[in-house]
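S.K.: Sharing a sequence plus its predicted fold:
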Amino acid sequence: MSIVAIIPARGGSKGVPGKNLRRVAGRSLVARAIDAAQGARSIDRVVVSTDDAAIAAAARDAGAEIVIRPGALSGDTASSEAALLHALDHLSPAPDIVVFIQATSPFIDSTDLELAVRRVRDGNEDVVFSAVETFAFLWKPTPTGAVGVNHDASIRPRRQDRDAHFQETGAFYVMRVPGFRTAGHRFFGHIGIAELDPARALEIDTERELEVAGLVSTLFASTGPIDVDALVTDFDGVHTDDRVLVASDGSESVMTSRSDGAGVAALREAGIPMLILSKETNPVVSARARKLGIDVLQGIEDKAEALTSWAAGAGIPFDRIGYVGNDLNDLGVMGLVGWPIAVADARPEILHAARTVLAARGGHGAVREAADRLLASKLELATASQSHSNH
């Protein structure tokens, strides 16, 4: 069976301007949706339907195909079904199953998606949609006072004595294409529910919900390989534990990790460019960079500007750079790179901005962990490429 994921992502959001390009844990909402779809093994193609050039560019960078949506299907009143049907009409060959994914749900788990796809693919259901279990008592206001919707207000049964209901999360809908075309709607035939972890059920329609997503994101920070082509780090709080020993003559010394040094050496051997970017000017930073054999820029007030210049000189696009930070002056740089990384003991604001939160603390193997995970990504890609060529 041919299975395609379609992600409608228009540019005209009013509740959260530029919503589909806003970041959660260092990744735009549209890119997070693409990542989730690409992580589901059964999905053959990932398509973004959009009317916006910036969204189209970001989606291409994340590995999706693009279908440009006409203006008539881009307004506030245009339905998601209309966008899906338009995209399906532009796909050849026509897929058997469509997976409708909404980028406003930033915590879609690829495993949940894969299991839902298999249920439709294997013929168990015609439609499977994401939902969370709820035992909530629902009410609605009326001119004469609030009344119960799903219960008799005079009876308060215990939770264990009540039937569960399921609330749509809006994250995804898996549908057989012929049935969808006939119905013109996402619900038809035999409908199944994919029950999700409630912590993943957040849907973003307001700025406040975007803030909440940043807080929740630390629960789902990436623990796998880090797929970048260069690694840039802060110094204090990353290569060190953020403490300094000050002698009576004012000279300073810090503690660093030999394990971090071994990680840097492995990156150098693999030809991975590295840079230390430090706000402070200190001989110990120069000495450490010289010992590690990597570039260093010190006394930097505007880290984003400095990184822009270094990246241009190295010929490395921002989306292929990882940056390891720990404190507030790292936020600007983390907003530029494709893979912002936080040490385990970073400031909360840095943890929320990170795509990956390391298990190690600054000065205690954080750089080694980042290096190991970067190299693991390169090995994984090389293995996959070799396997593909052998077949």
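M.R.: Arrived safely, thanks for sending.
S.K.: looking at this, residue 66 is in a strand?
M.R.: Yes - if the criterion is DSSP: H, G, I helix; E, B strand; the rest coil, then residue 66 is within a strand.
S.K.: which residues touch it?
M.R.: 47-48, 50, 56, 59-60 (CB atoms under 8 Å, 6 or more residues apart in numbering). Backbone N, C-alpha and C define where each C-beta goes, glycine included.
S.K.: Spatially, which residue comes closest to it, not counting chain neighbours?
M.R.: With CB to CB, 6 or more residues apart in numbering as the criterion, residue 66 has its nearest non-adjacent residue at 4.8 Å, and that residue is residue 56.
S.K.: Count the residues that sit near residue 111.
M.R.: 12 (other CB atoms under 10 Å).
S.K.: Let me know the next secondary structure element after the helix or strand containing it.
M.R.: Using DSSP states H and E, residue 111 sits in helix 110-121. Note on helix 110-121: by DSSP H and E, the next helix or strand toward the C-terminus is strand 127-134.
S.K.: first vs last residue of stretch 108-128, how far apart are they?
M.R.: The first and final residues of stretch 108-128 sit 15 Å from each other (CA to CA, to the nearest Å).
S.K.: hmm, who's touching that stretch?
M.R.: 1, 3, 32-33, 35-43, 97, 99, 101, 129-130, 171-176, 179, 186-194, 196-197, 200.
S.K.: Quick one: the helices in the stretch 51-200 of the chain, in order.
M.R.: Here the stretch 51-200 of the chain has its helices, by DSSP state H, counting those that start in this stretch, at 53-61, 80-89, 110-121, 177-183.
S.K.: Out of the ones you listed, which gets nearest to residue 218?
M.R.: Minimum separation from residue 218 across those (CB to CB) falls at helix 110-121, 19.0 Å.
S.K.: got the contact list for the residue nearest to residue 66?
M.R.: By CB under 8 Å, 6+ apart, the contact set of residue 56 is 48, 50, 66, 68.
S.K.: Looking at these, state which has the most neighbours.
M.R.: residue 48 (31 neighbours).
S.K.: any idea which element that residue lies in?
M.R.: Short version, using DSSP H and E: residue 48 is in strand 45-50.
S.K.: I'd like to know which elements that strand is packed against.
M.R.: strand 3-8, helix 29-38, helix 53-61, strand 65-68, helix 80-89 (3 or more CB pairs under 8 Å, 6 or more residues apart in numbering; DSSP states H and E).
S.K.: Where does the closest residue to residue 317 other than its chain neighbours fall, secondary structure wise?
M.R.: Nearest non-adjacent residue to residue 317, counting by CB to CB, 6+ apart: residue 311, 7.3 Å away. Using DSSP H and E, the element containing residue 311 is helix 303-314.
S.K.: What pairs with the strand holding residue 48, parallel or antiparallel?
M.R.: Strand 45-50 has its sheet partners listed here by DSSP bridges as strand 3-8 (parallel), strand 65-68 (parallel).
S.K.: and it, what's its mean pLDDT?
M.R.: Averaging pLDDT along strand 45-50 gives 97.
S.K.: residue ranges for the strands of the stretch 251-391 of the chain, please.
M.R.: With DSSP state E, counting those that start in this stretch, the ranges of strands along the stretch 251-391 of the chain come out as 252-253, 274-277, 295-297, 321-325, 339-342, 356-357.
S.K.: Each with direction, which strands does the fifth one pair with?
M.R.: Under the criterion DSSP bridges, strand 339-342 sits next to strand 321-325 (parallel), strand 356-357 (parallel) in its sheet.
S.K.: what sits up against it?
M.R.: Residues contacting strand 339-342 (CB under 8 Å, 6+ apart): 26, 226-228, 321-326, 333-334, 350-351, 353-358, 370.
S.K.: The fourth one now?
M.R.: Contacts of strand 321-325 from elsewhere in the structure, counted by CB under 8 Å, 6+ apart, are 226, 228-234, 238, 277, 307, 311, 330-331, 333-334, 336-343, 346, 350, 358, 366-367, 370, 374.
S.K.: any idea of the angle it forms with helix 303-314?
M.R.: If you take axes from the mean of the first three to the mean of the last three CA atoms, to 10 degrees, strand 321-325 sits at 150 degrees to helix 303-314.
S.K.: now the helices of the stretch 51-200 of the chain in JSON lines, with mean pLDDT and distance to residue 265?
M.R.: Below are those laid out as JSON lines (pLDDT from 0 to 100; distance: least, CB to CB, whole Å):
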{"stretch": "helix 53-61", "mean pLDDT": "95", "distance to residue 265": "31"}
{"stretch": "helix 80-89", "mean pLDDT": "95", "distance to residue 265": "48"}
{"stretch": "helix 110-121", "mean pLDDT": "96", "distance to residue 265": "34"}
{"stretch": "helix 177-183", "mean pLDDT": "97", "distance to residue 265": "52"}
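S.K.: right, and the ones you listed - which one's nearest residue 315?
M.R.: helix 53-61 (16.4 Å).
S.K.: so where's the stretch 201-350 of the chain shaky on pLDDT?
M.R.: Along the stretch 201-350 of the chain, no part satisfies pLDDT under 70.
S.K.: make it 90
M.R.: Low-confidence regions of the stretch 201-350 of the chain, defined by pLDDT under 90, span residues 214-215, 217-225, 244-247, 249-253, 279-284, 300-301.
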